[in-house]
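*Asks:* with the sequence up front, the predicted model follows.
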Amino acid sequence: MNPEHFTMDIDADKPRRSVPAAVDMAEAVVRARLNSLRKLDLQQALPLLLLELDRILHAQLGPEHRVALLECIKKPVLKAAAGLPKPASHGREGAQRLPAGMTLEQRLLLMMTRNLRHALYEIDRSQSSLLVEDDGDRVWVLLQVFRFLGRQVRYGIDWDRPWPKHTWQDLHDLFVYLVVRGSVQVNSGFTVAAFDDEFDAEIEYKRLLLLGLADRLTDRRSRTADFFHLLKRWAVDTRLVEPERAIGQERVIKVEVIRDEPPRLREAKLAESFRGWVLRPADAFVDYVRRVNRDGGQVVRLNAFRTAPSSRF
């Protein structure tokens, strides 16, 4: 997929209303409000925490100020998410499926993700030079966007819940934005090693693509904890290929960036190009999926997209 094929309106997440002027959004004041939540039980604190996230999202703040507030609120958000009760998952231990609406934890993760995406676009709008790519605040925000989207995806898989609308679309939009901006050169050959802690947006994107693909191909047979620690190594050895290079091939894995969904396996031959990429997963990922499905009595033909030396682009 070539960057020139896409245009993006990064103002799509721009808040359309402002926080009333009476609300003090100074960092020290916000930090004090967050500290006061420690005295409350989770049932009392959660609505106030969501309100604080909404205030930050809609407040007229400078990029540095916004990032500072998000750094303050990240720990309370994670603590609240960890303390919330988990739903009984359908199909596991005979539990009944709950209504399809968002749980409180999903709403909390969604609000944090929206704040982070808005902060990223605000940082980029405020800079006239691409040197901002190395800005410490921007790197932190970008990493957190991927991580909170990852938490949202994992939650849906582990607790058998539908993902909030636009979860996957937001992920695809984010990566396309980075490609169009020039922040990412897909399959440039320059990537971090599996054991390296350096941030790499393409690796983060492929980690989540593989997370969603594993869920689809194994029919949600295993919890993410069974393989999450392997995702980065798999992502390093996974390739995103231009669709034109896979036309005529069978059992192609399509990453369609205009669809609000994870990658999907297309059994028939790919007859035409599309907006996105063909995913060629690491051999170790293929082996894992085959093992899980074999143990579950299901056969999924995966050999066709095994990585081969000739298919590494």
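*Replies:* In hand now; what should we look at?

*Asks:* okay, and the spatially most central residue of the chain sits in which element?
*Replies:* The structure's the chain has its C-alpha centroid closest to Leu149; by C-alpha atoms, centre = their mean the separation is 3.2 Å. Per DSSP states H and E, Leu149 falls inside helix 136-158.

*Asks:* would you mark the buried spots in that helix?
*Replies:* 137-138, 140-142, 144-158 (16 or more other C-beta atoms under 10 Å). (Glycine included, C-beta is placed from N, CA and C.)

*Asks:* stretch 105-113 now?
*Replies:* So, applying 16+ other C-beta under 10 Å, buried residues of stretch 105-113: Glu105, Gln106, Leu108, Leu109, Leu110, Met111, Met112, Thr113.

*Asks:* which residues touch the fifth one?
*Replies:* With contacts defined as C-beta atoms under 8 Å, 6 or more residues apart in numbering, the neighbours of Leu110 are Met102, Gln152, Pro164.

*Asks:* swap in Arg151?
*Replies:* Ala81, Leu109.

*Asks:* the same query, at a cut-off of 6 Å, please.
*Replies:* Counting by C-beta atoms under 6 Å, 6 or more residues apart in numbering, Arg151 makes contact with Leu109.

*Asks:* and it, how close does it get to Thr167?
*Replies:* 11 Å (C-beta to C-beta, to the nearest Å).

*Asks:* make sure Val186 is indeed in a strand.
*Replies:* No: counting by DSSP: H, G, I helix; E, B strand; the rest coil, Val186 is not part of a strand but coil.

*Asks:* what are the phi and psi angles of Leu240?
*Replies:* Note on Leu240: its backbone torsions stand at phi -100, psi 120 [degrees, to the nearest 10].

*Asks:* quick one: buried residues of stretch 179-186?
*Replies:* Buried positions in stretch 179-186, judged by neighbour count with 16+ other C-beta under 10 Å: Val179, Val180, Ser183, Val184, Val186.

*Asks:* low pLDDT regions in the protein?
*Replies:* Where the chain drops to pLDDT under 70, the residues are 1-21, 89-100, 128-134, 188-197, 296-313.

*Asks:* which residues in it form strands?
*Replies:* For the chain, the strands defined by DSSP state E occupy 239-241, 252-256, 264-266, 276-280.

*Asks:* most tightly packed of those?
*Replies:* Each of the strands of the chain was scored by mean neighbour count; the highest is strand 276-280, a mean of 24, by mean count of other C-beta atoms under 10 Å.

*Asks:* return the list of helices and strands in contact with it.
*Replies:* strand 239-241, strand 252-256 (3 or more C-beta pairs under 6 Å, 6 or more residues apart in numbering; DSSP states H and E).

*Asks:* what's the angle from the last one to strand 276-280?
*Replies:* When axes from the mean of the first three to the mean of the last three C-alpha atoms, to 10 degrees is applied, the directions of strand 252-256 and strand 276-280 differ by 140 degrees.

*Asks:* in the sheet, which strands lie alongside strand 252-256, parallel or antiparallel?
*Replies:* strand 264-266 (antiparallel), strand 276-280 (antiparallel) (DSSP bridges).

*Asks:* could you report the neighbour count for Gly83?
*Replies:* 12 (other C-beta atoms under 10 Å).

*Asks:* before we move on, what about Ala82?
*Replies:* 9.
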